[in-house]
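Q: Provide a 3D model corresponding to the input given below.
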Amino acid sequence: MTISAQTFDEHKRYLWGICYRMTGSAADADDIVQETFVRVLEKPPADMDAPLRPWLVQVAVNLSRDQLRRRRRRDYFGPWLPSPVLTDENSPLDLNQPATQENSPVAHYDLTESLTLAFLLALEALTPAQRAVLLLRDVFDYSTDETAEAVGMKKSTVKVTLHRARRIMAAYNNGRVPDLSKRADRMRQTLKTFLSKLAAGDVAGLMQMLAADVVLISDGGGEVNALAEPVCGRHKVLRLVSKLYDASRSVTSTSLSVLNCEPAFLIERSRVNPGHASFFTMHCELNETYQMRRLHFVFAPSKLSALKKAIST
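A: Below is the predicted model of the structure:
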């Protein structure tokens, strides 16, 4: 069997979007999509007259579940964060929201929200099976029958699994912001103001921007220096961020981009000491009063290689 370039292009971005949301890893999504097409070449579906996408999704979801299990079994130094991805016209993701089906589930996340770091981190509380079922039902609008076929479960098991997954996601749902575009605008302005005050050394102004219970999380993947544990509290977080900024401000360039459908900083340093990241990202979450409640730094080079390549082309 051969796969035409048209067929590959028709399904690649859709499959990549599922695999990325399943694993939180751009590199894993790349590998799984490639493996999925290898499978269709080596062991094609029995019914070649049937639509190909359901078969491809079934293979991709099962490979993603296996990869997620392997990742969780491995020791990981420090906190884990998803790998950031560009979400502009050059994105590998398909962000065109499908028309809502008549049997669309009650709890529904659109394609944009399901790419945010907050959502991807909330998915980490789910088992691989729960994650697959919730994504197919509540993000991609699959019916119970379609989901059961994709994940290899009985319909009754899919319903129970979805119920449990939704219950675990309740904490995330309680903090959801209904207007994502408004939140993005607020986040963009907050990041600009934060950087301005940081450059000016405005400690009092920075303190007001941070929530009292702010948490800073960094992910170096064991590849470069990063914190082994989250840092909590505005005094500790501000001290750490100020130190990070002041140490390399003369060789650092910072720009705003749209990563995972939200504004975030791209930070590049022209000169670093061994063991330190020369390129990294900073995302933030805001609380209900628009203070910064979470700061997420991704330092791990392996998580940023595709992003760095994308922004340089």
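Q: quick check: closest non-adjacent residue to Leu191.
A: Pro263 (5.8 Å; C-beta to C-beta, 6 or more residues apart in numbering). Where C-beta positions appear, they are placed from N, C-alpha and C, glycine not excepted.
Q: which residues are in contact with the one you found?
A: 184, 187-188, 191, 256-257 (C-beta atoms under 8 Å, 6 or more residues apart in numbering).
Q: so where do the helices sit in the chain?
A: Along the chain, counting by DSSP state H, helices occupy 5-23, 26-42, 53-73, 117-123, 128-138, 144-151, 155-168, 170-174, 180-200, 203-209, 234-248, 301-312.
Q: ChimeraX command to pick out the buried ones of the contacts of Pro263?
A: Selection of the buried residues among the contacts of Pro263 in ChimeraX, burial being defined by 16 or more other C-beta atoms under 10 Å:
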select :184,187,191,257
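Q: could the contacts of Pro263 go into TSV alongside pLDDT and distance to Leu81?
A: Converted to TSV, the contacts of Pro263 look like this (pLDDT from 0 to 100; distance: C-beta to C-beta, whole Å):
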residue	pLDDT	distance to Leu81
Ala184	92	19
Met187	96	17
Arg188	96	21
Leu191	97	17
Leu256	95	19
Ser257	95	16
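Q: just the closest of the contacts of Pro263 to Leu93, please.
A: Ser257 (14.7 Å; C-beta to C-beta).
Q: surely the closest one meets Lys308?
A: No. Under the criterion of C-beta atoms under 8 Å, Ser257 makes no contact with Lys308, lying 11.5 Å away.
Q: contacts for the longest strand seen in the chain next, please.
A: The longest strand of the chain (DSSP state E) is strand 210-219. Applying C-beta under 8 Å, 6+ apart, the contact partners of strand 210-219 are 78-81, 226-227, 230-234, 236-238, 240-241, 287, 289, 291-300, 303.
Q: now which of those residues would you call buried?
A: Buried among those by 16+ other C-beta under 10 Å: 78-81, 226-227, 231, 234, 237-238, 240-241, 291-300, 303.
Q: okay, now the domains of the protein?
A: Listed by automatic domain parsing, the domain ranges of the chain are 1-74, 180-312.
Q: redo the ones you listed as TSV? Include distance to Leu134.
A: Listed next are the domains of the chain as TSV, based on distance: least, C-beta to C-beta, whole Å:
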stretch	distance to Leu134
domain 1-74	10
domain 180-312	18
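Q: can you say which of those is nearest to Val158?
A: Between the domains of the chain, domain 1-74 lies closest to Val158; by C-beta to C-beta that is 12.4 Å.
Q: and Lys308, how far is that from Ala300?
A: Separation of Lys308 from Ala300 (C-beta to C-beta, to the nearest Å) stands at 12 Å.
Q: who's in contact with stretch 114-131?
A: 20-22, 24, 64-65, 68-69, 80-82, 84-85, 87, 93, 95, 109, 113, 134-135, 139, 151, 153, 161-162, 164-165, 168-169, 171-172, 260-262, 283, 285, 294, 296.
Q: derive a PyMOL selection command for the buried subset of those residues.
A: Applying 16+ other C-beta under 10 Å to the contacts of stretch 114-131 leaves a buried subset, and the PyMOL line that selects it is:
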select buried, resi 20+21+22+24+64+65+68+80+81+82+84+85+87+93+109+113+134+135+139+151+153+161+162+164+165+168+169+260+261+262+283+285+294+296
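Q: picking that back up, tell me the one of the contacts of Pro263 nearest Pro45?
A: Nearest member of the contacts of Pro263 to Pro45, counting by C-beta to C-beta, is Ser257, at 39.5 Å.
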